[in-house]
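Chemist: heads up, no residue letters with this:
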């Protein structure tokens, strides 16, 4: 009884077949390319067709203007408020208003997080629409000055130096 040896065949190839890997990666790439634009959160913005300058006499009396000052204080129609009393006062005014629109203005040097907090506060108080004022220079930003002080500053500027 002689033992028969195993038949010697070619050695097993130890190369990795990358073709299925490439197929899977390409499918994943296509899926991500299709889904990425859908996942981007967008903020809808209604931009005006043209910009008009309105006289201060033509501004409605029930208009709500929140302003963030340079030092971080917040004013509602040029009256300074702390955040909690502001939330209550703004909520009452919004509930009483026909148009639930709040305009937000900020000093050019005001902190961004404070402005976002004021926007959130206005939305939480019940504002349906938020309007953002255009960026102003430090000299033209008057939303934090009381109306009497603004008039006095303008009159003082008109006096000739002499």
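Modeler: All right, it came through fine. Fair warning: this is a prediction, and the values are worked out from it, not measured in the lab. Numbering: from 1, shown residues only.
Chemist: need the contact list for the residue nearest the centre of the chain.
Modeler: Nearest residue to the geometric centre of the chain (Cα atoms, centre = their mean): residue 116, 6.5 Å. With contacts defined as Cβ atoms under 8 Å, 6 or more residues apart in numbering, residue 116 has no neighbours. Quick note: C-beta positions are derived from backbone N, CA and C, even for glycine.
Chemist: how about the helix or strand where it lies: buried residues?
Modeler: Assigned by DSSP states H and E, residue 116 falls within helix 112-124. For helix 112-124, the neighbour count (16 or more other Cβ atoms under 10 Å) marks 114, 115, 118, 119, 121, 122 as buried.
Chemist: residue 67 against residue 115, yeah?
Modeler: No: the pair residue 67 and residue 115 does not pass the contact test of Cβ atoms under 8 Å, sitting 9.9 Å apart.
Chemist: coming back round to it: looking at the buried residues of helix 112-124, which is nearest residue 96?
Modeler: residue 122 (15.2 Å; Cβ to Cβ).
Chemist: for that closest one, give its distance to residue 130.
Modeler: Distance, residue 122 to residue 130, by Cβ to Cβ, to the nearest Å: 6 Å.
Chemist: and the residue nearest to the centre of the chain, how close does it get to residue 122?
Modeler: 11 Å.
Chemist: and what of residue 13?
Modeler: With Cβ to Cβ as the criterion, residue 13 and residue 122 are 69 Å apart.
Chemist: I appreciate the help and will end here.
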